[in-house]
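Novice: test case, fold it:
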Amino acid sequence: MIIDHDHGRVLDVLENREKATVLAYLKAAKASGLLAAVEEVTTDMWDAYVEASREAFGEGVAITIDRFHVMKNFQDGLTAARRELQRGLSAEAKTRLKGSRWWWVTNPENLREEDREPFARLRQEFPALGALWDQREGLRAIFEDRTLVTAEQGRKRLEGWMSEVRKLGLSALDKFCKTLTNWMGRIANYFGNRSSNGRTEGFNHGLRAILWRAWGMVNFKNFRLRVLDRFGRAKA
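Specialist: All right, here's what the predicted structure looks like:
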């Protein structure tokens, strides 16, 4: 799905996410003038999207990895790291942690009031898990820090965060740090313009709603036309 963030609309829906398909669309749209003035592309960590965007638009266009995909990737690593820690606990300790899974991956402001105190007790009782949660909040705080206004500032903060995370000695987080390092330049671009794919996720929900209402669609051409009819108009 190709989104025009400036005008809040879906430009097109492609049949697959292969590089050749994406590149052909981007080149044609640029040549037609539709995408001739692109200054920044936001995407998730999919090589085909990044490579196609770079080939179509050249080095002068910033490619930004969506911060929410970075956090989702970390959430997956956090869950794996939490399980890694819990494997070394006694059966009794595991019982005390039962039912707390979502507390560890939920933003504090979204916790129910009655869950706040017991979750705080668990973090004190299991300091290794508490330290893991602290690193989650540390990463989120970096992306929320409005004093970071350049890619270089963001990069330095993220690199400092990684040096602390590695001290935990958890293989699942080491894997995330490797991913973060590999994509660092494009992730750090976020701090320049604060661009994200949040609107894209909203459109994705809308596309799924079309499929739900139709009980699925096997004809891609008809599906594409429905999407463009519903979401292809520029916002006033």
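Novice: distance-wise, check E201 relative to K235.
Specialist: Counting by Cβ to Cβ, to the nearest Å, the gap from E201 to K235 is 17 Å. C-beta: built from backbone N, CA, C; applies to glycine.
Novice: and the two? which has more neighbours close in?
Specialist: E201 (12 against 8; other Cβ atoms under 10 Å).
Novice: would you confirm that the more buried one contacts K72?
Specialist: No: in this structure, E201 is not within contact of K72 by Cβ atoms under 8 Å, at 10.3 Å.
Novice: got the domain ranges for the chain?
Specialist: What automatic domain parsing lists as the domains of the chain is 2-66+196-231, 67-183.
Novice: would JSON lines of those domains with mean pLDDT and distance to N189 be doable?
Specialist: Shown next, in JSON lines, are the domains of the chain (pLDDT from 0 to 100; distance: least, Cβ to Cβ, whole Å):
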{"stretch": "domain 2-66+196-231", "mean pLDDT": "93", "distance to N189": "4"}
{"stretch": "domain 67-183", "mean pLDDT": "93", "distance to N189": "5"}
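Novice: adding distance to Y190, write the ones you listed out as CSV.
Specialist: Formatted as CSV, those follow (distance: least, Cβ to Cβ, whole Å):
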stretch, distance to Y190
domain 2-66+196-231, 5
domain 67-183, 5
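Novice: longest helix in the chain, by residue count?
Specialist: Counting residues, the longest helix found in the chain (DSSP state H) is helix 67-86.
Novice: after that one comes which helix or strand?
Specialist: Once the chain leaves helix 67-86, the next helix or strand it forms, by DSSP states H and E, is helix 91-97.
Novice: so which elements touch that next one?
Specialist: On a contact count with 3 or more Cβ pairs under 8 Å, 6 or more residues apart in numbering; DSSP states H and E, helix 91-97 meets helix 113-125.
Novice: quick one: the helix it packs on to chain centroid distance?
Specialist: Remark: helix 113-125 is offset 27 Å from the chain centroid, using Cα atoms, centre = their mean, to the nearest Å.
Novice: swap in stretch 99-112?
Specialist: That offset, for stretch 99-112, works out to 19 Å (Cα atoms, centre = their mean).
Novice: show the contacting residues for G138.
Specialist: G138 makes contact with W161, E164, according to Cβ atoms under 8 Å, 6 or more residues apart in numbering.
Novice: could you give the angle of the host helix or strand of it to helix 67-86?
Specialist: Assigned by DSSP H and E, G138 belongs to helix 127-144. Relative orientation of helix 127-144 versus helix 67-86 (axes from the mean of the first three to the mean of the last three Cα atoms, to 10 degrees): 170 degrees.
Novice: CA atoms only: put helix 127-144 into CSV for me.
Specialist: Only the C-alpha atoms of helix 127-144 are listed here, as CSV (Å, rounded to 0.1, in the frame of the first residue of the first chain):
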residue,chain,number,x,y,z
PRO,A,127,14.9,-7.1,39.7
ALA,A,128,16.2,-8.7,36.5
LEU,A,129,12.7,-8.5,34.9
GLY,A,130,12.4,-5.0,36.3
ALA,A,131,15.6,-3.9,34.7
LEU,A,132,14.4,-5.4,31.4
TRP,A,133,11.2,-3.3,31.7
ASP,A,134,13.2,-0.2,32.6
GLN,A,135,15.1,-0.6,29.3
ARG,A,136,11.8,-0.8,27.4
GLU,A,137,10.8,2.5,29.0
GLY,A,138,14.2,3.9,28.2
LEU,A,139,13.8,3.2,24.5
ARG,A,140,10.4,4.6,24.4
ALA,A,141,11.6,7.8,26.1
ILE,A,142,14.2,8.3,23.4
PHE,A,143,11.6,8.3,20.7
GLU,A,144,9.4,10.6,22.8
